[in-house]
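> Build me a model from this:
(chains A and B)
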Protein chains: 2
Amino acid sequence: MRILVGNHIDPSIRARGDMRAWTQRLLWFARPGDLLVLCCEPDDAFLDYALAHTGVKRSELAVLVAPAGAWGDQLLDPAALTAPVFVKAVRAALDTAGGPGAVTEVFALWPSASVARFAAALGIEDRFPGAAFFAQGGGEIGNNKANFRALAAAAGVPILPGRVCRSRAEAIAATGELLELSGGGAVVVKQAHNGAGVGNQLLVRDLELAVDHVGARHLHHLAPGEDGIAAYWDQRWPWASEDGRWPVVIETFAAGADAVYSEHYAADTGSEPTEMGRLLYVGRRLSHQVVPLDGVSDPVRAALLEGGTRLAEAYRAFGYRGHLSADALVLPDGSVVFTEVNAQVSGSLHIYQQIARHVVDVAAAPRRQVVEYHVPPTWTVPDFDTFLAALDETGLTYAPATRTGVIVSMPAIPLAAGAPVQFVFCIAYDPATGYDDAFARLGERFQTLPAGAVDASEHVGHTAVSFSS
Amino acid sequence: MRILVGNHIDPSIRARGDMRAWTQRLLWFARPGDLLVLCCEPDDAFLDYALAHTGVKRSELAVLVAPAGAWGDQLLDPAALTAPVFVKAVRAALDTAGGPGAVTEVFALWPSASVARFAAALGIEDRFPGAAFFAQGGGEIGNNKANFRALAAAAGVPILPGRVCRSRAEAIAATGELLELSGGGAVVVKQAHNGAGVGNQLLVRDLELAVDHVGARHLHHLAPGEDGIAAYWDQRWPWASEDGRWPVVIETFAAGADAVYSEHYAADTGSEPTEMGRLLYVGRRLSHQVVPLDGVSDPVRAALLEGGTRLAEAYRAFGYRGHLSADALVLPDGSVVFTEVNAQVSGSLHIYQQIARHVVDVAAAPRRQVVEYHVPPTWTVPDFDTFLAALDETGLTYAPATRTGVIVSMPAIPLAAGAPVQFVFCIAYDPATGYDDAFARLGERFQTLPAGAVDASEHVGHTAVSFSS
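Numbers count the residues shown, from 1 in each chain, chains lettered A, B, ... in the order given. Have a look, this model is predicted:
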């Protein structure tokens, strides 16, 4: 049996809002006998739905809700894991299953020091890979976009021209240099800790630049000359650095690039690649992702695998253990450059490891593929049941017989009381026909706003439920 | 020929005061043909004095002063290294010596991204070991006391019980836990970036604890109970974390420990140990250090070497290149625990590599040893000439014939106009007789205040010239 912890990045590193839905993707990983730790009571409808797909029985799982801490039930308070009352409850739950000694692994969505302390409190820190490293804050080292650039450079992995800045003056100098270097007169500014492009801002000299598909939620049109650069940083340094707290990455913008990733698992004995996939941005917003990776040449695939492997080995070398995702861009000339490593359970693992491989079994004949979509900001879905009903009516409910159709990946929780729900859902499809038709049919049902009605820079769900990393 | 850069930690990471004297220790490393880059005109008296000891002629060196930047001539502005006018001046200086192609190494006191850019501007980034890593801010990763704990834990190197904290709440919880763990009811709080114990604060429940010899400049007497802990952090979190900017290390206090270090050089091909030594604190202030290390048992020496080697290999694995110092404590039971790594040119390298080995040649028969003292805060030395005259009068001037006596290690620059001078000086001595007598004779000349007159928490030179890392 294993203990699965539905946590998120430590709030002391990056404060988030309501992560109840996003962290319940943990349910996809559950196997019979597992003990799951969540920040909230699981969403009953979704719990039954997910387990119906994985074939695990509710009675085969133990689910414990950690005591409410500073974030109520919206986010697991790291300190709650070692609250004596909770450790006692976990011990009691384990007693019926052979005690802590029967735990084969402690698995957490984020490699928090609190998980290492939790494992230590149970006397099973050796079941949490990398426990000693994570206990001393190692999780932060491996999830920092600035550290990534230094570590990748040392490992000889290709990265875009760029700099890591610790002050506004450095940022101003770097922006000027990198704008010169970039052909199109554009750079990307990245917060050290953020996800899904929400912490990225694209700075352009020319608004005509085609940037809709880029993973940078924010856009800034630079005023001419050095003054334009200085004005930008006067305004945005506090945002980019979180008031000077973190280094800021500035990179040249790669026009016309495709976003891909290579995932790996770093163990004591070595690392192994786990999957490759593709990320697609619409309106500079993460829209959907596809696994397994298709539509790339063999050399691109080889370069992605090689760079990802090097990064996995580099991260393993300094102490990281567990899943990691190496993000990359395929440039128009076919070269592959790496942009960040997320050394945590990504937003892809449940898709490829559980839904694509276990539920759909994409590698079996006839071959299948899986895309996971965010409900677009232009749709209005009133609730989970309405969505399931629409799937039935449109013939899009996942069908084991054809191994095609829609599987909702996460609970559908309203952004606010009475508001429409936001969630992510997978479409399993035949690669020969693709997923556009299925997506369009759902759009016919739920799209209520024209595409242009949503400001790309607006962060849906930011102040309410979050549905991405 | 080499280029030696007399820089210091990037001010964007840790702001310092006047580093003119401290960075001129660069002169000890100069060999015929070298080009030295300093933040200020070299101190003529000290330049002649140091070169007289190393045997290098003034005419064999090129010394360039970088353009004054944000810190005037007190500290090298990292941006000044790539100012076009300066790069041009360096090229001109190199032209007479075969051009940039004749440079065999770029050596910097601190592994700044600016040095990597400077080397790139000259087209010789391959002569700066680790250039790609340092160009992306890697220097910060290897000089962060919080990162150290995670990296050491991953490498299996013994460290004291402790935690890395990213918020006041975490610090309060960690302090309570660690006070329980520590036998004596004391913990040490460490800033992520500081040196020579100035960024350390000792928290004690009991003021009777013998703490004079500890490397923690600041002392706090905790009020009883949890309130005392919370009150401390309410007051000191902004100091310890630099307003939330850096993680804070909290460790149990190891009473009765000796401070030692093991230095190593990390190259592309592997790492090698370079020297071990001992640090001595008086009034919780770094007072003096001794090389080579003596007075330890063989098992202690072996443990120090093994842990230091592991750390050097771990730092090398993630990309660090160059000199590094692994600091450790020898506990009363003879065990060795590591406390930090300084992945930069330490305050020891000039002592052991240049003064002890080259000038004194300590390993030759009869064997010698070297101690380097800070001028104690209780002394009043009016100027460099007066000090040299006193050495002559007391027979303490370094004598090549006996290979004993005093060698001043750094320029003697007044803390303020007309104020007494502060500096560091070495005493080469016969291990059989020790250095106490020589130090006492100097004290008879210069001590003007009783030992108790100086507040240990006061940082001499902090607002003026700095004489330590």
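
> contacts, neighbours, all on C-alpha from now
OK.

> pLDDT wise, what is the closest residue to A:Ala259 other than its chain neighbours at?
Nearest residue to A:Ala259, sequence neighbours excluded (CA to CA, 6 or more residues apart in numbering or on different chains): A:Leu329, at 4.7 Å. Note on A:Leu329: pLDDT of 96.

> Please apply the same query to A:Asp212.
Looking at A:Asp212, its pLDDT is 66.

> Also the one 5 residues further on?
Here the pLDDT value assigned to A:Arg217 is 71.

> That one and A:Leu179, how far apart?
Noted for A:Arg217: a distance of 19 Å to A:Leu179, by CA to CA, to the nearest Å.

> Torsion angles phi and psi at the residue nearest to A:Ala259?
In terms of degrees, to the nearest 10, the main-chain angles of A:Leu329 are phi -120, psi 140.

> show me the contacts for it.
Contact analysis of A:Leu329 by CA atoms under 8 Å, 6 or more residues apart in numbering or on different chains lists A:Ala257, A:Asp258, A:Ala259, A:Val260, A:Val336, A:Val337, A:Phe338, A:Thr339.

> what are the bridge partners for it, then?
Beta-bridge partners recorded for A:Leu329 (DSSP bridges): A:Ala259, A:Val337.

> Tell me the spacing between it and B:Ala132.
A:Leu329 sits 20 Å away from B:Ala132, going by CA to CA.

> same question, A:Pro431
Here A:Pro431 is placed at a distance of 41 Å from B:Ala132 (CA to CA).

> More neighbours: which of those two?
Higher neighbour count among A:Pro431 and B:Ala132: B:Ala132, with 25 against 13, using other CA atoms under 10 Å in any protein chain shown.

> Identify the residue nearest that one in space, chain neighbours excluded?
A:Ala153 (5.4 Å).

> just A:Pro366 next, same as before
A:Asp430 (8.0 Å).

> What's the local residue count around the one you found?
A:Asp430 has 18 neighbouring residues, counting by other CA under 10 Å.

> Now tell me what touches stretch A:361-375 from outside.
A:286-292, A:351-352, A:355-357, A:360, A:403-404, A:422-431, A:435, A:467.

> Between the two ends of it, how far is it?
Stretch A:361-375 has an end-to-end distance of 24 Å (criterion: CA to CA).

> in that stretch, what counts as buried?
Using 16 or more other CA atoms under 10 Å in any protein chain shown as the test for burial, stretch A:361-375 gives A:Asp361, A:Val362, A:Arg368, A:Gln369, A:Val370, A:Val371, A:Glu372, A:Tyr373, A:His374, A:Val375.

> ok, now stretch A:171-179?
Residues of stretch A:171-179 classed as buried under the neighbour-count rule (16+ other CA under 10 Å) are A:Ala171, A:Ile172, A:Ala173, A:Ala174, A:Thr175, A:Gly176, A:Leu178, A:Leu179.

> which SS state does the residue nearest the centre of chain A fall under?
Geometric centre of chain A, nearest residue: A:Gly347, 3.2 Å, by CA atoms, centre = their mean. Secondary structure for A:Gly347, judged by DSSP: H, G, I helix; E, B strand; the rest coil, is coil.

> Settle this for me: A:Leu181 is touching A:Ala254, isn't it.
No - with contacts counted by CA atoms under 8 Å, A:Leu181 stays clear of A:Ala254, the gap being 11.2 Å.

> Looking at the two, which one has more neighbours?
Under the criterion of other CA under 10 Å, the comparison of A:Leu181 against A:Ala254 puts A:Ala254 first, with 22 against 17.
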